[in-house]
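>>> Sequence isn't available, so here's the structure alone:
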(Lines give C-alpha, C1' and ligand atoms only; values in the text may rest on other atoms or scores of the structure.)
Protein backbone atom coordinates (compact mmCIF):
# COMPACT_ATOMS: atom_id res chain seq x y z
CA UNK A 1 0.00 0.00 0.00
CA UNK A 2 3.05 2.23 0.10
CA UNK A 3 3.29 1.84 -3.64
CA UNK A 4 0.26 3.36 -5.38
CA UNK A 5 0.54 2.58 -9.06
CA UNK A 6 0.04 6.12 -10.20
CA UNK A 7 3.10 7.34 -8.27
CA UNK A 8 5.80 5.16 -9.80
CA UNK A 9 8.74 7.15 -11.03
CA UNK A 10 12.03 6.50 -12.74
CA UNK A 11 14.85 5.90 -10.29
CA UNK A 12 17.19 8.89 -10.70
CA UNK A 13 20.50 9.52 -8.98
CA UNK A 14 20.05 12.11 -6.25
CA UNK A 15 16.33 12.44 -6.81
CA UNK A 16 14.70 12.76 -3.41
CA UNK A 17 11.18 12.35 -2.23
CA UNK A 18 10.07 12.58 1.39
CA UNK A 19 7.47 9.89 0.95
CA UNK A 20 9.41 7.45 -1.17
CA UNK A 21 12.59 6.41 0.59
CA UNK A 22 13.65 3.79 -1.98
CA UNK A 23 13.84 6.42 -4.67
CA UNK A 24 17.10 8.02 -3.63
CA UNK A 25 19.54 6.54 -6.09
CA UNK A 26 21.09 4.46 -3.30
CA UNK A 27 21.92 0.91 -4.24
CA UNK A 28 20.24 -2.03 -2.56
CA UNK A 29 23.67 -3.10 -1.33
CA UNK A 30 24.28 0.25 0.38
CA UNK A 31 20.83 0.20 1.94
CA UNK A 32 21.35 -3.35 3.21
CA UNK A 33 24.70 -2.40 4.70
CA UNK A 34 23.07 0.50 6.55
CA UNK A 35 20.20 -1.75 7.63
CA UNK A 36 22.56 -4.42 8.96
CA UNK A 37 24.59 -1.80 10.80
CA UNK A 38 21.36 -0.55 12.37
CA UNK A 39 20.40 -4.08 13.43
CA UNK A 40 23.83 -4.53 15.01
CA UNK A 41 23.66 -1.19 16.81
CA UNK A 42 20.32 -1.95 18.44
CA UNK A 43 21.56 -5.51 19.04
CA UNK A 44 18.63 -6.98 17.12
CA UNK A 45 20.64 -9.17 14.77
CA UNK A 46 24.21 -9.79 13.80
CA UNK A 47 24.36 -9.94 10.02
CA UNK A 48 27.23 -8.89 7.72
CA UNK A 49 28.07 -8.63 4.07
CA UNK A 50 30.95 -10.88 3.14
CA UNK A 51 33.94 -9.42 1.31
CA UNK A 52 33.96 -9.76 -2.49
CA UNK A 53 35.67 -13.02 -3.48
CA UNK A 54 38.94 -12.21 -5.21
CA UNK A 55 41.81 -14.37 -6.39
CA UNK A 56 44.84 -12.36 -5.29
CA UNK A 57 47.78 -12.85 -7.65
CA UNK A 58 50.30 -10.11 -6.91
CA UNK A 59 50.86 -8.20 -3.68
CA UNK A 60 53.22 -5.33 -2.92
CA UNK A 61 53.79 -6.19 0.75
CA UNK A 62 55.70 -2.99 1.52
CA UNK A 63 52.57 -1.04 0.64
CA UNK A 64 50.08 -3.66 1.81
CA UNK A 65 48.70 -3.33 -1.71
CA UNK A 66 47.21 -5.82 -4.15
CA UNK A 67 48.41 -5.03 -7.67
CA UNK A 68 46.83 -7.96 -9.47
CA UNK A 69 43.63 -9.73 -8.51
CA UNK A 70 40.72 -11.32 -10.35
CA UNK A 71 37.06 -11.53 -9.38
CA UNK A 72 36.18 -15.09 -8.43
CA UNK A 73 32.88 -16.76 -9.18
CA UNK A 74 31.06 -16.63 -5.84
CA UNK A 75 30.37 -20.05 -4.34
CA UNK A 76 28.36 -18.63 -1.45
CA UNK A 77 26.07 -15.67 -0.97
CA UNK A 78 26.80 -12.08 0.02
CA UNK A 79 25.14 -11.88 3.42
CA UNK A 80 25.00 -14.08 6.46
CA UNK A 81 24.67 -13.89 10.20
CA UNK A 82 22.55 -14.53 13.23
CA UNK A 83 19.02 -13.57 14.19
CA UNK A 84 17.34 -14.92 17.32
CA UNK A 85 19.88 -17.72 17.42
CA UNK A 86 19.15 -18.75 13.83
CA UNK A 87 21.57 -18.79 10.93
CA UNK A 88 20.43 -16.30 8.27
CA UNK A 89 21.81 -16.33 4.72
CA UNK A 90 20.75 -14.43 1.66
CA UNK A 91 21.69 -12.98 -1.70
CA UNK A 92 20.49 -9.53 -2.79
CA UNK A 93 19.98 -8.42 -6.37
CA UNK A 94 18.55 -5.50 -8.28
CA UNK A 95 16.94 -5.58 -11.70
CA UNK A 96 15.82 -2.77 -13.98
CA UNK A 97 13.25 -5.06 -15.58
CA UNK A 98 9.64 -4.28 -14.68
CA UNK A 99 8.30 -7.73 -15.58
CA UNK A 100 10.78 -10.37 -14.46
CA UNK A 101 13.94 -11.19 -12.55
CA UNK A 102 16.60 -12.72 -14.84
CA UNK A 103 18.12 -15.83 -13.23
CA UNK A 104 21.53 -15.27 -14.85
CA UNK A 105 21.94 -12.73 -12.04
CA UNK A 106 22.58 -15.64 -9.70
CA UNK A 107 25.24 -18.31 -10.09
CA UNK A 108 24.12 -21.96 -9.89
CA UNK A 109 26.57 -22.36 -6.98
CA UNK A 110 24.65 -19.72 -5.08
CA UNK A 111 21.30 -21.41 -5.65
CA UNK A 112 22.81 -24.66 -4.37
CA UNK A 113 24.24 -22.74 -1.43
CA UNK A 114 20.82 -21.36 -0.43
CA UNK A 115 19.41 -24.87 -0.66
CA UNK A 116 22.21 -26.28 1.52
CA UNK A 117 21.64 -23.63 4.16
CA UNK A 118 18.00 -24.72 4.56
CA UNK A 119 19.04 -28.37 4.60
CA UNK A 120 21.39 -27.66 7.50
CA UNK A 121 18.77 -25.80 9.53
CA UNK A 122 19.39 -22.20 8.51
CA UNK A 123 17.03 -19.67 6.94
CA UNK A 124 17.85 -18.55 3.42
CA UNK A 125 16.21 -16.29 0.89
CA UNK A 126 16.66 -13.84 -1.95
CA UNK A 127 16.08 -10.11 -1.67
CA UNK A 128 15.19 -8.77 -5.11
CA UNK A 129 14.60 -5.13 -5.92
CA UNK A 130 12.77 -4.07 -9.06
CA UNK A 131 14.33 -0.60 -9.16
CA UNK A 132 11.90 0.89 -11.71
CA UNK A 133 8.94 -0.34 -9.71
CA UNK A 134 10.43 0.72 -6.35
CA UNK A 135 9.55 -2.71 -5.01
CA UNK A 136 11.80 -4.91 -2.91
CA UNK A 137 10.78 -8.51 -2.30
CA UNK A 138 11.92 -11.26 0.01
CA UNK A 139 11.57 -14.67 -1.66
CA UNK A 140 12.11 -17.63 0.66
CA UNK A 141 14.40 -20.39 -0.58
CA UNK A 142 11.56 -22.94 -0.55
CA UNK A 143 9.53 -20.81 -2.96
CA UNK A 144 12.58 -20.23 -5.14
CA UNK A 145 13.27 -23.96 -5.12
CA UNK A 146 9.69 -24.87 -6.01
CA UNK A 147 9.77 -22.41 -8.88
CA UNK A 148 13.03 -23.82 -10.26
CA UNK A 149 11.64 -27.37 -10.08
CA UNK A 150 8.66 -26.56 -12.28
CA UNK A 151 10.18 -24.44 -15.00
CA UNK A 152 13.04 -24.27 -17.48
CA UNK A 153 12.62 -20.53 -17.87
CA UNK A 154 15.63 -18.35 -17.23
CA UNK A 155 13.72 -15.76 -15.26
CA UNK A 156 11.15 -15.38 -12.49
CA UNK A 157 8.06 -13.40 -13.45
CA UNK A 158 7.02 -10.44 -11.30
CA UNK A 159 3.70 -12.28 -10.93
CA UNK A 160 5.45 -15.05 -9.05
CA UNK A 161 6.96 -12.47 -6.70
CA UNK A 162 3.53 -10.92 -6.14
CA UNK A 163 2.08 -14.35 -5.44
CA UNK A 164 4.80 -15.98 -3.31
CA UNK A 165 7.32 -13.38 -2.14
CA UNK A 166 6.92 -10.82 0.66
CA UNK A 167 7.10 -7.10 -0.03
CA UNK A 168 9.67 -5.37 2.17
CA UNK A 169 8.28 -2.05 3.32
CA UNK A 170 9.98 1.12 2.19
CA UNK A 171 11.09 2.89 5.39
CA UNK A 172 13.50 5.50 6.59
CA UNK A 173 15.18 3.47 9.32
CA UNK A 174 15.99 0.73 8.89
CA UNK A 175 15.93 1.19 5.17
CA UNK A 176 15.27 -2.40 4.14
CA UNK A 177 13.63 -3.97 7.18
CA UNK A 178 13.72 -7.57 5.99
CA UNK A 179 13.69 -8.95 9.54
CA UNK A 180 10.21 -7.50 9.96
CA UNK A 181 9.13 -9.82 7.14
CA UNK A 182 10.77 -12.83 8.83
CA UNK A 183 9.02 -11.89 12.06
CA UNK A 184 5.64 -11.81 10.28
CA UNK A 185 6.19 -15.11 8.53
CA UNK A 186 7.05 -16.63 11.90
CA UNK A 187 9.06 -19.75 12.60
CA UNK A 188 12.09 -17.96 14.01
CA UNK B 1 48.97 -38.32 23.64
CA UNK B 2 49.65 -38.01 19.94
CA UNK B 3 52.34 -35.51 20.78
CA UNK B 4 55.11 -37.12 22.82
CA UNK B 5 57.51 -34.45 23.91
CA UNK B 6 60.57 -36.22 22.69
CA UNK B 7 59.35 -36.24 19.11
CA UNK B 8 58.90 -32.52 18.50
CA UNK B 9 60.47 -31.37 15.28
CA UNK B 10 60.89 -28.18 13.34
CA UNK B 11 58.09 -27.63 10.84
CA UNK B 12 59.74 -27.90 7.43
CA UNK B 13 58.19 -27.42 4.01
CA UNK B 14 57.67 -30.80 2.36
CA UNK B 15 58.92 -32.76 5.32
CA UNK B 16 56.72 -35.81 5.66
CA UNK B 17 56.07 -38.23 8.44
CA UNK B 18 53.59 -41.07 8.31
CA UNK B 19 52.71 -40.77 11.94
CA UNK B 20 52.54 -37.01 12.27
CA UNK B 21 50.05 -35.49 9.88
CA UNK B 22 50.38 -31.92 11.09
CA UNK B 23 54.03 -31.86 10.17
CA UNK B 24 53.67 -31.58 6.41
CA UNK B 25 54.40 -27.94 5.84
CA UNK B 26 50.72 -27.31 5.11
CA UNK B 27 49.26 -24.19 6.67
CA UNK B 28 46.45 -24.35 9.17
CA UNK B 29 44.34 -22.36 6.70
CA UNK B 30 44.86 -24.94 3.94
CA UNK B 31 44.09 -27.78 6.32
CA UNK B 32 40.91 -26.06 7.51
CA UNK B 33 39.80 -25.48 3.93
CA UNK B 34 40.28 -29.18 3.17
CA UNK B 35 38.51 -30.10 6.41
CA UNK B 36 35.53 -27.86 5.63
CA UNK B 37 35.32 -29.24 2.10
CA UNK B 38 35.27 -32.73 3.60
CA UNK B 39 32.48 -31.76 6.02
CA UNK B 40 30.47 -30.36 3.11
CA UNK B 41 31.03 -33.44 0.96
CA UNK B 42 29.77 -35.82 3.62
CA UNK B 43 27.01 -33.29 4.42
CA UNK B 44 28.08 -33.09 8.05
CA UNK B 45 28.37 -29.31 8.24
CA UNK B 46 28.28 -26.32 5.99
CA UNK B 47 31.18 -24.08 6.94
CA UNK B 48 33.21 -21.76 4.69
CA UNK B 49 36.17 -19.45 4.83
CA UNK B 50 35.16 -15.90 4.00
CA UNK B 51 37.06 -14.03 1.29
CA UNK B 52 39.89 -11.74 2.43
CA UNK B 53 38.53 -8.24 3.10
CA UNK B 54 39.95 -5.90 0.48
CA UNK B 55 39.26 -2.28 -0.33
CA UNK B 56 39.12 -2.33 -4.13
CA UNK B 57 40.33 0.96 -5.61
CA UNK B 58 41.00 0.38 -9.32
CA UNK B 59 39.47 -2.20 -11.62
CA UNK B 60 40.20 -2.96 -15.26
CA UNK B 61 36.70 -4.10 -16.20
CA UNK B 62 37.69 -5.36 -19.67
CA UNK B 63 39.96 -7.88 -18.00
CA UNK B 64 37.83 -8.37 -14.85
CA UNK B 65 41.02 -7.47 -13.03
CA UNK B 66 41.73 -5.52 -9.85
CA UNK B 67 44.85 -3.40 -10.33
CA UNK B 68 44.77 -1.57 -7.01
CA UNK B 69 43.41 -2.90 -3.75
CA UNK B 70 44.34 -2.61 -0.08
CA UNK B 71 43.95 -5.14 2.71
CA UNK B 72 41.22 -4.04 5.10
CA UNK B 73 41.26 -4.56 8.83
CA UNK B 74 38.92 -7.50 9.33
CA UNK B 75 35.82 -6.68 11.36
CA UNK B 76 34.65 -10.27 11.46
CA UNK B 77 36.33 -13.66 11.56
CA UNK B 78 37.54 -15.91 8.76
CA UNK B 79 35.19 -18.86 9.10
CA UNK B 80 31.49 -19.29 9.61
CA UNK B 81 28.66 -21.63 8.80
CA UNK B 82 26.19 -24.16 10.05
CA UNK B 83 26.49 -27.34 12.09
CA UNK B 84 23.44 -29.22 13.34
CA UNK B 85 21.35 -26.11 12.82
CA UNK B 86 23.70 -23.96 14.90
CA UNK B 87 25.65 -20.93 13.75
CA UNK B 88 29.39 -21.64 13.98
CA UNK B 89 32.00 -18.87 13.84
CA UNK B 90 35.72 -18.95 14.44
CA UNK B 91 39.10 -17.44 13.77
CA UNK B 92 42.17 -19.59 13.12
CA UNK B 93 45.74 -18.59 13.85
CA UNK B 94 49.18 -20.12 13.90
CA UNK B 95 52.07 -19.15 16.10
CA UNK B 96 55.70 -20.24 16.05
CA UNK B 97 56.00 -19.52 19.77
CA UNK B 98 56.28 -22.57 22.01
CA UNK B 99 55.15 -20.82 25.17
CA UNK B 100 52.34 -18.40 24.37
CA UNK B 101 49.89 -17.10 21.78
CA UNK B 102 50.43 -13.37 21.09
CA UNK B 103 47.10 -11.52 21.14
CA UNK B 104 48.25 -8.99 18.54
CA UNK B 105 47.45 -11.78 16.09
CA UNK B 106 43.79 -10.95 16.57
CA UNK B 107 42.14 -7.58 16.01
CA UNK B 108 40.00 -6.17 18.84
CA UNK B 109 37.09 -6.09 16.35
CA UNK B 110 37.41 -9.82 15.95
CA UNK B 111 37.36 -10.44 19.70
CA UNK B 112 34.20 -8.34 19.94
CA UNK B 113 32.78 -10.25 16.98
CA UNK B 114 33.30 -13.62 18.69
CA UNK B 115 31.60 -12.23 21.80
CA UNK B 116 28.64 -10.93 19.77
CA UNK B 117 28.18 -14.29 18.08
CA UNK B 118 27.75 -15.98 21.47
CA UNK B 119 25.41 -13.24 22.63
CA UNK B 120 23.18 -13.87 19.62
CA UNK B 121 23.04 -17.61 20.16
CA UNK B 122 25.89 -18.85 17.97
CA UNK B 123 28.95 -20.89 18.89
CA UNK B 124 32.30 -19.15 18.54
CA UNK B 125 35.87 -20.07 19.26
CA UNK B 126 39.51 -19.73 18.30
CA UNK B 127 41.56 -22.45 16.67
CA UNK B 128 45.22 -21.88 17.54
CA UNK B 129 48.09 -23.96 16.23
CA UNK B 130 51.47 -23.93 17.91
CA UNK B 131 53.37 -25.04 14.82
CA UNK B 132 56.61 -25.95 16.59
CA UNK B 133 54.74 -28.06 19.13
CA UNK B 134 52.49 -29.64 16.48
CA UNK B 135 49.53 -28.85 18.70
CA UNK B 136 46.24 -27.38 17.57
CA UNK B 137 43.77 -26.16 20.18
CA UNK B 138 40.15 -25.11 20.17
CA UNK B 139 39.51 -22.37 22.73
CA UNK B 140 35.85 -21.56 23.33
CA UNK B 141 34.90 -17.89 23.33
CA UNK B 142 33.77 -18.03 26.98
CA UNK B 143 37.23 -19.18 28.05
CA UNK B 144 38.87 -16.55 25.87
CA UNK B 145 36.55 -13.93 27.35
CA UNK B 146 37.24 -15.00 30.92
CA UNK B 147 40.96 -14.85 30.27
CA UNK B 148 40.77 -11.35 28.79
CA UNK B 149 38.72 -10.15 31.78
CA UNK B 150 41.38 -11.15 34.28
CA UNK B 151 44.57 -10.05 32.61
CA UNK B 152 46.23 -7.13 30.88
CA UNK B 153 48.81 -9.40 29.30
CA UNK B 154 49.15 -9.29 25.53
CA UNK B 155 49.40 -13.04 25.16
CA UNK B 156 47.78 -16.27 26.29
CA UNK B 157 50.15 -18.74 27.90
CA UNK B 158 50.33 -22.29 26.57
CA UNK B 159 49.41 -23.33 30.12
CA UNK B 160 46.04 -21.69 29.75
CA UNK B 161 45.49 -23.63 26.52
CA UNK B 162 46.44 -26.86 28.27
CA UNK B 163 44.07 -26.05 31.11
CA UNK B 164 41.02 -24.67 29.28
CA UNK B 165 41.26 -25.39 25.55
CA UNK B 166 40.61 -28.67 23.75
CA UNK B 167 43.32 -30.40 21.77
CA UNK B 168 42.22 -31.14 18.19
CA UNK B 169 43.46 -34.57 17.20
CA UNK B 170 45.98 -34.84 14.41
CA UNK B 171 44.32 -36.99 11.74
CA UNK B 172 44.57 -37.81 8.07
CA UNK B 173 40.95 -37.08 7.12
CA UNK B 174 39.54 -34.73 8.07
CA UNK B 175 42.82 -33.00 8.85
CA UNK B 176 41.61 -30.69 11.61
CA UNK B 177 38.49 -32.38 12.97
CA UNK B 178 37.30 -29.53 15.17
CA UNK B 179 33.67 -30.66 15.02
CA UNK B 180 34.69 -33.81 16.90
CA UNK B 181 35.72 -31.52 19.75
CA UNK B 182 32.38 -29.67 19.65
CA UNK B 183 30.60 -33.05 19.70
CA UNK B 184 32.55 -34.10 22.78
CA UNK B 185 31.93 -30.85 24.62
CA UNK B 186 28.20 -31.28 23.89
CA UNK B 187 25.55 -28.61 23.79
CA UNK B 188 25.04 -28.68 20.01
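Received, thanks. Computed from a predicted model, the values in this text were never measured in an experiment. Numbers count the residues shown, from 1 in each chain, chains lettered A, B, ... in the order given.
>>> Quick one: residues contacting the residue lying closest to residue A:52 once chain neighbours are set aside.
Leaving out its chain neighbours, the residue that sits closest to residue A:52 by Cβ to Cβ, 6 or more residues apart in numbering or on different chains is residue B:51, at 6.4 Å. (Glycine included, C-beta is placed from N, CA and C.) Listed by Cβ atoms under 8 Å, 6 or more residues apart in numbering or on different chains, the contact set of residue B:51 reads A:50, A:51, A:52, A:53, A:54, A:72.
>>> Can you give me the neighbour number for the closest residue to the first one other than its chain neighbours?
Nearest-residue entry for residue A:50: residue B:50, 5.1 Å, with adjacent residues in sequence omitted and distances by Cβ to Cβ, 6+ apart. Around residue B:50 sit 18 other residues, with neighbours defined as other Cβ atoms under 10 Å in any protein chain shown.
>>> For the longest strand belonging to chain A, name the packing helices and strands.
Taking DSSP state E as the criterion, chain A has its longest strand at strand A:86-95. Strand A:86-95 sits against helix A:28-41, strand A:79-83, strand A:100-102, helix A:108-119, strand A:123-130, strand B:86-95, with contacts defined as 3 or more Cβ pairs under 8 Å, 6 or more residues apart in numbering or on different chains; DSSP states H and E.
>>> for that strand, what is the average pLDDT?
Taken as a whole, strand A:86-95 has a mean pLDDT of 97.
>>> Also stretch A:136-145?
Confidence for stretch A:136-145, expressed as mean pLDDT, is 97.
>>> near chain B, anything from that stretch?
No: residues of stretch A:136-145 are not located near chain B by Cβ under 8 Å from any Cβ of the partner chain, the shortest gap being 13.4 Å.
>>> Can you tell me which residues in chain A are near chain B?
Contacts of chain A with chain B, taken as Cβ under 8 Å from any Cβ, map to A:40, A:43, A:45-46, A:48, A:50-54, A:56, A:64-72, A:75-76, A:80-87, A:116-117, A:119-122.
>>> and these, which are buried?
Using 16 or more other Cβ atoms under 10 Å in any protein chain shown as the burial test, the residues of chain A next to chain B include A:40, A:45-46, A:48, A:50-54, A:56, A:66, A:68-69, A:76, A:80-83, A:86-87, A:116-117, A:120, A:122 as buried.
>>> where's residue A:145, which helix or strand?
Using DSSP states H and E, the element containing residue A:145 is helix A:141-149.
>>> And the following helix or strand past that helix, what does it pack against?
For helix A:141-149, the following helix or strand on the C-terminal side (DSSP H and E) is strand A:155-157. Under the contact criterion of 3+ Cβ pairs under 8 Å, 6+ apart, strand A:155-157 touches strand A:100-102.
>>> Next, work out how far apart residue A:148 and residue A:158 are.
17 Å (Cβ to Cβ, to the nearest Å).
>>> So those two - more neighbours on which side?
residue A:158 (20 against 14).
>>> follow-up on the earlier one: okay, the contacts of residue B:51 in JSON lines with pLDDT next?
Below are those laid out as JSON lines (pLDDT from 0 to 100):
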{"residue": "A:50", "pLDDT": "92"}
{"residue": "A:51", "pLDDT": "89"}
{"residue": "A:52", "pLDDT": "87"}
{"residue": "A:53", "pLDDT": "88"}
{"residue": "A:54", "pLDDT": "89"}
{"residue": "A:72", "pLDDT": "87"}
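>>> Out of these, which is nearest to residue B:185?
Closest to residue B:185 out of those is residue A:50 (27.5 Å), distances taken as Cβ to Cβ.
>>> picking that back up, would you format the helices and strands packed on strand A:86-95 as CSV with distance to residue B:186 included?
Converted to CSV, these look like this (distance: least, Cβ to Cβ, whole Å):
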stretch, distance to residue B:186
helix A:28-41, 30
strand A:79-83, 21
strand A:100-102, 44
helix A:108-119, 23
strand A:123-130, 25
strand B:86-95, 12
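>>> Which element, helix or strand, includes the residue lying farthest from the centre of chain A?
The centre of chain A is farthest from one residue, residue A:62, which by Cα atoms, centre = their mean lies 37.2 Å away. In the assignment (DSSP H and E), residue A:62 maps to no helix and no strand.
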